[in-house]
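Novice: missing the sequence, but the structure's below:
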């Protein structure tokens, strides 16, 4: 049976409490320093989101960026050959593949099923599809968006939760790119719904991802750590 713990409160404090006995116990030696740093970085950005939301400053744009940074802390990999971080899309897709392989309790699948309406809304937004911006005047965009939603539903129905999640994350990544590359106005009216949905999506996914790592995948090789701390 899937673990239903994703329904319980999962703020940063509870995630840190869950991680502490592992971090200070079996994951305390030098061999696991990278995963400790990944989770520490991730928690720091999630804590910042909680702080700005508590202060009434949680604009969807900022929340999405901070949550994606937290996600990036988990999936980022160092490319030893080119001596730079590996590409985002390649890295997060590899991360989600490995994460699903270690999701022994089926938490990610349960999350996708529980929030399928939100994920369908994101995938069905033609403005979040890469092909839309190649030719915005193409009349086929609506049909493509409808087909993408059908494919998402089919993936969920068939238990292909990783494919469903990757479809959603591809859209969220496009929204993230619009923001960090200055291709959107802060709190712009035209993309409010999309940004709100994407920020909400990452707020749902990240605690579950952290729980899977803490409970089942802290020993996994997540790739070289980008920019490790230096004295």
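Specialist: Everything's here; your move. Everything numeric here is computed off the predicted structure, so don't read it as measured data.

Novice: Provide the count of other residues in contact range of the nearest residue to residue 219 once chain neighbours are set aside.
Specialist: Nearest residue to residue 219 in three dimensions, chain neighbours excluded: residue 32, at 7.2 Å (C-beta to C-beta, 6 or more residues apart in numbering). For every residue, glycine as well, the C-beta is placed using N, CA and C. Neighbour count for residue 32, taken as other C-beta atoms under 10 Å: 15.

Novice: Tell me, what's the model's pLDDT at the nearest residue to residue 176 once chain neighbours are set aside?
Specialist: Once flanking residues are discounted, residue 176 sits nearest to residue 68: 4.7 Å by C-beta to C-beta, 6+ apart. Looking at residue 68, its pLDDT is 98.

Novice: which outside residues touch whichever strand or helix holds residue 68?
Specialist: Following DSSP states H and E, the helix or strand that holds residue 68 is helix 60-75. The contact list for helix 60-75 (C-beta atoms under 8 Å, 6 or more residues apart in numbering) reads 38-39, 41-43, 45-46, 48-49, 52-53, 88, 91-92, 94-96, 172-173, 175-176, 179-180, 184, 186-187, 192, 195-196, 198-199, 202-203, 205-206, 209-210, 213, 222.

Novice: which of those residues are buried?
Specialist: Neighbour counting with 16 or more other C-beta atoms under 10 Å marks 38-39, 41-43, 45-46, 48-49, 88, 91-92, 95-96, 172-173, 175-176, 179, 184, 195, 198-199, 202-203, 205-206, 209-210, 213, 222 as buried within the contacts of helix 60-75.

Novice: Could you check how far the residue nearest to residue 219 is from residue 79?
Specialist: Applying C-beta to C-beta, to the nearest Å, the value for residue 32 to residue 79 is 22 Å.

Novice: Residue 38 too?
Specialist: Residue 38 is 17 Å from residue 79, by C-beta to C-beta.

Novice: What does residue 55 show for phi and psi?
Specialist: In terms of degrees, to the nearest 10, the main-chain angles of residue 55 are phi -90, psi 0.

Novice: Number the residues from 15 up from this point.
Specialist: Sure, I'll start numbering at 15, so the last one becomes residue 69.
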